[in-house]
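In: sequence unavailable; structure follows:
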């Protein structure tokens with residue numbers, strides 16, 4: 001079967017280019033093909049840590065994060081009185097959400113040894129300082145009690161109620177820190193509001209940790 005040629009008469013428009021639109025050559029790839037990565041299941045690693053009575057506190061300490069940490073600590077406390085190690089690498093979260101973690105740590109029969117690996121800011125530094133066992137920091141840790149700004153929205157009545165609740169929470173946190181660090185409460189209020197970023201040695205001098213990991217005791 002033959003294919004008729006383009007008529008080329010006035011009734012037909014000019015013949016379009018073929019293919020249309022013009023094909024462009026695909027450039028040859030110089031590097032490897034980049035593909036998305038997928039986090040592998042960490043069940044085995046978590047189980048190994050749990051077997052050694054170790055818990056990781058990472059990410060935000062919000063309501064969900066605090067619930068997860070509390071559940072892990074309570075599960076380990078139910079198994080044994082042996083010490084639990086809580087490794088902290090977090091920027092913290094809302095002040096109110098850390099209260100449950102402090103209550104669980106304080107009520108456990110097992111001592112909770114806290115250690116900063118990387119950074120501990122805001123409520124994460126509060127957890128670090130309120131450990132019931134030895135509190136330590138790795139040599140390259142950065143620690144700050146300065147809490148993030150609390151976002152409060154709503155009508156005036158609600159704002160007044162939330163501000164009052166936040167003040168109560170702040171007093172509870174300050175009292176817990178004062179009992180563990182020995183620092184005056186007024187100084188701790190300043191640290192929570194505008195505290196500086198501290199290295200491990202300065203955090204030790206301030207009483208937030210007992211020892212810098214690796215130093216001679």
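Out: Perfect, thanks for sending it. None of the values given here were measured: they were computed from a predicted structure. Residues are numbered from 1 along each chain as shown.
In: just give me the residue right at the centre of this structure.
Out: What sits nearest the mean C-alpha location of the chain, by C-alpha atoms, centre = their mean, is residue 59, with 1.8 Å.
In: which helix runs longest in the protein?
Out: helix 156-181 (DSSP state H).
In: which helices and strands sit right next to that one?
Out: Helices and strands touching helix 156-181, as assessed by 3 or more C-beta pairs under 8 Å, 6 or more residues apart in numbering; DSSP states H and E, comprise helix 95-107, helix 123-129, helix 185-194. Every C-beta, even on glycine, is put in place using the N, C-alpha and C of the backbone.
In: on contacts alone, who are the packing partners of the second one?
Out: Meaning helix 123-129. Other helices and strands packing on helix 123-129, by 3+ C-beta pairs under 8 Å, 6+ apart, are strand 84-90, helix 95-107, strand 112-121, strand 135-137, strand 142-144, helix 156-181.
In: okay, these in TSV with distance to residue 78 next?
Out: As requested, the helices and strands packed on helix 123-129 are arranged in TSV below (distance: least, C-beta to C-beta, whole Å):
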stretch	distance to residue 78
strand 84-90	11
helix 95-107	12
strand 112-121	14
strand 135-137	23
strand 142-144	30
helix 156-181	23
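In: for the ones you listed, which has the smallest mean pLDDT value?
Out: Of all the helices and strands packed on helix 123-129, mean pLDDT reaches its minimum on helix 156-181 (a mean of 89).
In: just the buried positions in it, please.
Out: For helix 156-181, burial by neighbour count (16 or more other C-beta atoms under 10 Å) applies to 162, 169, 170, 172, 173, 174, 176, 177, 178, 180, 181.
In: for residue 146, see how far away the first one is.
Out: Taken as C-beta to C-beta, to the nearest Å, the spacing of residue 162 relative to residue 146 amounts to 20 Å.
In: just give the nearest non-adjacent residue to the residue nearest to the centre of the chain, would you?
Out: The spatial neighbour of residue 59 that comes closest, neighbours along the chain excluded (C-beta to C-beta, 6 or more residues apart in numbering), is residue 65 at 5.7 Å.
In: which SS state does the one you found fall under?
Out: Per DSSP: H, G, I helix; E, B strand; the rest coil, the secondary structure class of residue 65 is helix.
In: and it, what is it in contact with?
Out: Contacts here follow C-beta atoms under 8 Å, 6 or more residues apart in numbering; on that basis residue 65 touches 57, 59, 93, 97.
In: distance to residue 120 added to these, as CSV?
Out: CSV is the format used below for these (distance: C-beta to C-beta, whole Å):
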residue, distance to residue 120
57, 9
59, 13
93, 12
97, 15
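In: which of those fall in strands?
Out: Among the contacts of residue 65, the members found in strands (DSSP state E) are residue 57.
In: please convert the buried members of the contacts of residue 65 into ChimeraX selection syntax.
Out: Buried subset of the contacts of residue 65, written as a ChimeraX selection, criterion 16+ other C-beta under 10 Å:
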select :57,93,97
